[in-house]
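Engineer: coordinates only, no sequence provided:
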Ligand SMILES: Cc1cc2nc3c(=O)[nH]c(=O)nc-3n(C[C@H](O)[C@H](O)[C@H](O)COP(=O)(O)O)c2cc1C
């Protein structure tokens, strides 16, 4: 898949097929994240990959947002829940050594996350980035040392839905139609891209 096509066709996927995601693919996604840009090449991010079936429900219990909505509102049936997770961690010791401000580190989290998403997509895997999660509980469950902060959680699996992006007519509120299809209004290019002057 071409990069432009991948970037423009990507949608957050919250319903997944009942099919495991191999560690090899997940590791490849993290490798794409690892090589994302970082300020002064600081590389303060680390990752936890989870695809153990016993662990999946414990992870799902500790995330939030639309991925936890009931099925009629676009959330997954139990069989369609995420089949893998990738946590992006900030190593706060390396962050302090780098002296990098947190907003810059969060940009790096975003860049690494998008690399993960695009690498996943190339392998037929859908992703939803999730910022609503219980960080303390995840750290406890996954035995993550104190010096790490969980920056973002990515849920992954083979897509079992096909959300559509469409031009916003004003509202940007995501909605689900009677067939269960998620509609994602996007602001129009001509409304947000300014050329040579604002
Ligand atoms: C920083 C960030 C945090 C997000 N947090 C959540 C979340 O906690 N739960 C969730 O279901 N989706 C979450 N999302 C996914 C957004 O809801 C989704 O990107 C948005 O609705 C646009 O849809 P699209 O990704 O298909 O373009 C998050 C996305 C981003 C970029």
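Structural biologist: Ah, there it is. All values reported here derive from a predicted model rather than from experimental measurement.

Engineer: only C-alpha atoms for contact and neighbour calcs from this point on.
Structural biologist: Will do.

Engineer: list the buried ones in stretch 89-100?
Structural biologist: Along stretch 89-100, these residues count as buried under the neighbour rule (16 or more other C-alpha atoms under 10 Å): 89-91, 94-95.

Engineer: out of those, which is nearest to the ligand?
Structural biologist: residue 89 (14.3 Å; C-alpha to the nearest ligand atom).

Engineer: find the nearest non-adjacent residue to that closest one, please.
Structural biologist: Nearest residue to residue 89, sequence neighbours excluded (C-alpha to C-alpha, 6 or more residues apart in numbering): residue 150, at 4.6 Å.

Engineer: please settle this for me: is the one you found part of a helix?
Structural biologist: No. Residue 150: not assigned to a helix; according to DSSP: H, G, I helix; E, B strand; the rest coil it is strand.

Engineer: about what we covered before: now the buried residues of stretch 89-100 as CSV including distance to the ligand, pLDDT and secondary structure?
Structural biologist: What follows is the buried residues of stretch 89-100, written out as CSV (distance: C-alpha to the nearest ligand atom, whole Å; pLDDT from 0 to 100; DSSP: H, G, I helix; E, B strand; the rest coil):
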residue, distance to the ligand, pLDDT, secondary structure
89, 14, 98, strand
90, 15, 98, strand
91, 19, 98, strand
94, 23, 98, helix
95, 20, 98, helix
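
Engineer: could you dump the residues you listed to CSV with distance to residue 197?
Structural biologist: CSV is the format used below for the buried residues of stretch 89-100 (distance: C-alpha to C-alpha, whole Å):
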residue, distance to residue 197
89, 38
90, 37
91, 40
94, 39
95, 36
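
Engineer: specify the local secondary structure of the residue sitting nearest the centre point of the chain.
Structural biologist: When C-alpha atoms, centre = their mean is applied to the chain, the residue found nearest the centroid is residue 129 (2.3 Å). Per three-state DSSP, the local secondary structure of residue 129 is strand.

Engineer: from residue 187, how far off is it?
Structural biologist: To residue 187, residue 129 is 20 Å away according to C-alpha to C-alpha, to the nearest Å.

Engineer: now swap in residue 23 and tell me
Structural biologist: 36 Å.

Engineer: again, but for residue 63
Structural biologist: Here the distance between residue 63 and residue 187 works out to 28 Å (C-alpha to C-alpha).

Engineer: what's the answer for residue 162, then?
Structural biologist: According to C-alpha to C-alpha, residue 162 stands 20 Å off from residue 187.

Engineer: helix, strand or coil for residue 88?
Structural biologist: Once three-state DSSP is applied, residue 88 turns out strand.
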